[in-house]
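# task: produce atomic coordinates for the following.
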Amino acid sequence: MMIDGAYCYTGGRPFDPALPAVVFIHGAQNDHSVWALQSRYFAHHGFGVLAVDLPGHGRSAGPALDTVEAMADWLLSVLDRAGVQRALLAGHSMGSLIALEAAFRAPGRVSALALVGSTYPMRVSEALLETSNNDEPSAIDMVNIWSHSTLAQKPSCPGPGFWTMGMSQRLMQRMSARNPAHLFHTDFTACNAYANGEAAAASVDCPVLLLQGARDMMTPPKSARQLAAALRQSRIVTVDAGHQMMAEQPDAVLDALYGFALGSKETT
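Residues are numbered from 1 along each chain as shown. Here you go, the predicted model:
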């Protein structure tokens, strides 16, 4: 579904704003497809789904926005245009910062937050920032390796012939081909520069799920302690995966998100 230049995947069903809404927000150098299983399941089980492509990513018009604050404002404008009054926001990595900032800016619009592979501050090393700016293919290779916990497929992989690491790499390469204007560097710089996370977390007054990968090298679980401490209504769920947990452990991630969404719907 296109909304004034913003592409939103609706999980294979027409979007109905009268249903409880779940908005999925991808991370750096990704698009809506990282939520393929989770978004489709939600759409076929009682929720209205919007899995967005951020500006400059996937099918949404560019250029890419260069701050988390600008991306949060863009997300809220998409909700306005889609007729969504309140939604559960589920964000992965950079997307989790966007969800957090959107909740800070418009608390009445957010019924619950699912922060997947999140931490604050979300620092990016100088070496990776430089590589993403000067040698994006190498940065893609580096991040892809660090984002997966194993080379072998886990039991929840959909079937023979799937290669999770290769699929993630090709997605990032496709994003680079669609938007060659240092997209990875823009995304990483936005994460690194975001400074409102502590204040935003302290302001959140809705249920929060922190979904973490036990073997995440990009946002290690221990790095999220400061964020968890600032969130008053948070609980932590850990899955046996690296940073790209939606691909490595899709069923475990779905179970955690869907159970959280059902519980949040009952309390709001």
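# the closest residue to residue 242 other than its chain neighbours: neighbouring residues, count only.
Spatial nearest neighbour of residue 242, excluding adjacent residues (C-beta to C-beta, 6 or more residues apart in numbering): residue 149 at 3.6 Å. Quick note: C-beta positions are derived from backbone N, CA and C, even for glycine. Residues near residue 149, counting by other C-beta atoms under 10 Å, number 20.
# what do you get for residue 258?
Neighbour count of residue 258, defined by other C-beta under 10 Å: 17.
# element containing it, please.
Following DSSP states H and E, one finds residue 258 within helix 250-267.
# so the residue nearest to residue 242 makes contact with residue 249?
No. Checked against C-beta atoms under 8 Å, the pair residue 149 and residue 249 is beyond contact range at 9.3 Å.
# quick check: mean pLDDT of the helix holding residue 258?
The pLDDT scores in helix 250-267 average 89.
# just to revisit the earlier point, which neighbours do residue 149 and residue 249 share?
Taking C-beta atoms under 8 Å, 6 or more residues apart in numbering as the contact rule, residue 149 and residue 249 both touch 213, 240-241.
# which of those residues are buried?
213, 241 (16 or more other C-beta atoms under 10 Å).
# give the buried residues for stretch 71-81.
71-76, 78-79.
# residues in contact with that stretch?
Under C-beta under 8 Å, 6+ apart, the answer for stretch 71-81 is 3-4, 6, 8, 21, 23, 25, 50, 52, 54-55, 65, 87, 89, 98-99, 101-102, 104-106, 109, 190.
# could you pull out the strands for the stretch 51-200 of the chain?
Assigned by DSSP state E, counting those that start in this stretch, the stretch 51-200 of the chain shows strands spanning 87-92, 110-116.
# closest one to residue 133 among the ones you listed?
With C-beta to C-beta, the closest approach to residue 133 among the strands of the stretch 51-200 of the chain belongs to strand 87-92: 22.7 Å.
# listing partners with orientation, what would you give for the closest one?
Strand 87-92 pairs in its sheet with strand 21-25 (parallel), strand 110-116 (parallel), by DSSP bridges.
# before we move on, the earlier item: columns mean pLDDT, distance to residue 203 and mean neighbour count on top of the strands of the stretch 51-200 of the chain, output as JSON lines?
Formatted as JSON lines, the strands of the stretch 51-200 of the chain follow (pLDDT from 0 to 100; distance: least, C-beta to C-beta, whole Å; neighbours: other C-beta atoms under 10 Å):
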{"stretch": "strand 87-92", "mean pLDDT": "98", "distance to residue 203": "14", "mean neighbour count": "27"}
{"stretch": "strand 110-116", "mean pLDDT": "98", "distance to residue 203": "11", "mean neighbour count": "27"}
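# for those strands, give me a markdown table that also has distance to residue 40.
A markdown table is the format used below for the strands of the stretch 51-200 of the chain (distance: least, C-beta to C-beta, whole Å):
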| stretch | distance to residue 40 |
| --- | --- |
| strand 87-92 | 14 |
| strand 110-116 | 16 |
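# does the residue lying closest to residue 221 once chain neighbours are set aside sit in a helix, a strand or a coil?
Of all residues not flanking residue 221 in the chain, residue 212 sits nearest, at 4.5 Å (C-beta to C-beta, 6+ apart). Under DSSP: H, G, I helix; E, B strand; the rest coil, the three-state class of residue 212 is strand.
# report the contact partners of the closest residue to residue 200 other than its chain neighbours.
Of all residues not flanking residue 200 in the chain, residue 104 sits nearest, at 3.7 Å (C-beta to C-beta, 6+ apart). By C-beta under 8 Å, 6+ apart, the contact list for residue 104 reads 72, 196, 199-200, 203-204.
# measure stretch 1-21 end to end?
Taking C-alpha to C-alpha, to the nearest Å, stretch 1-21 runs 15 Å from one end to the other.
# quick one, what contacts residue 202?
residue 230.
# kindly export the host helix or strand of it (C-alpha atoms) in PDB.
Taking DSSP H and E as the definition, one finds residue 202 inside helix 197-203. C-alpha atoms of helix 197-203 as PDB (Å, rounded to 0.1, in the frame of the first residue of the first chain):
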ATOM      1  CA  GLY A 197      16.700   8.100  24.400                       C
ATOM      2  CA  GLU A 198      16.900   8.400  28.200                       C
ATOM      3  CA  ALA A 199      14.300  11.200  28.300                       C
ATOM      4  CA  ALA A 200      12.100   9.400  25.900                       C
ATOM      5  CA  ALA A 201      12.200   6.100  27.900                       C
ATOM      6  CA  ALA A 202      11.400   8.000  31.100                       C
ATOM      7  CA  SER A 203       8.300   9.500  29.500                       C
END
